[in-house]
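Colleague: Give me a 3D structure for the following:
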Amino acid sequence: SLHEFSEFEPTMTVARLACGFAHCRYALEVVFVRTHKQVLDQRELDGTIVELADHAFATYISSIEELEDTDAKEAGYACMYRRIRAYALGMVEEYEVTVLWHRP
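Modeller: Below you'll find the model as predicted:
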């Protein structure tokens, strides 16, 4: 995971990445505890991921925005959202939340 993130932000460290994911875990726990044994709409999950990514990975996002290549920017955002979503989906079972998928 560090390798993927450091492609877009060379100064990314294990500690900063761990801190970002710790922030994500905390925010996701709030959502998942609230929806324990219930159904969570995919759009709500994806919206939560985008919102918390803006805070948890603000420095990474700033680095992406400085890139001149639009394709590289899109790849940087996709990498971040894909990783956070995978992390969130790993937590879904733990909190017994069912996701109502529209577009997996």
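Colleague: drop to CA atoms for contacts and neighbour counts, all remaining ones
Modeller: OK.
Colleague: Phi, psi for the residue nearest the centre of the chain please.
Modeller: In the chain, the centroid-proximal residue (Cα atoms, centre = their mean) is residue 84; its distance is 2.6 Å. Main-chain torsions, residue 84, degrees, to the nearest 10: phi -70, psi -40.
Colleague: show me where the protein has helices.
Modeller: Assigned by DSSP state H, the chain shows helices spanning 2-8, 14-34, 42-56, 58-65, 70-94.
Colleague: Put together a markdown table for the ones you listed, with mean pLDDT on each row.
Modeller: As requested, these are exported to a markdown table (pLDDT from 0 to 100):
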| stretch | mean pLDDT |
| --- | --- |
| helix 2-8 | 94 |
| helix 14-34 | 95 |
| helix 42-56 | 94 |
| helix 58-65 | 94 |
| helix 70-94 | 95 |
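Colleague: out of the ones you listed, nearest to residue 100?
Modeller: Among those, helix 42-56 comes nearest to residue 100, with 5.6 Å by Cα to Cα.
Colleague: Just the residues contacting that closest one, thanks.
Modeller: Residues outside helix 42-56 that contact it (Cα atoms under 8 Å, 6 or more residues apart in numbering) are 19-21, 23-24, 27-28, 61, 80-81, 84-85, 99-103.
Colleague: Show me how far it is from its chain's centre.
Modeller: Helix 42-56 has its average C-alpha position 7 Å from the chain's average C-alpha position, going by Cα atoms, centre = their mean, to the nearest Å.
Colleague: swap in stretch 70-81?
Modeller: Distance of stretch 70-81 from its chain centroid, counting by Cα atoms, centre = their mean, is 12 Å.
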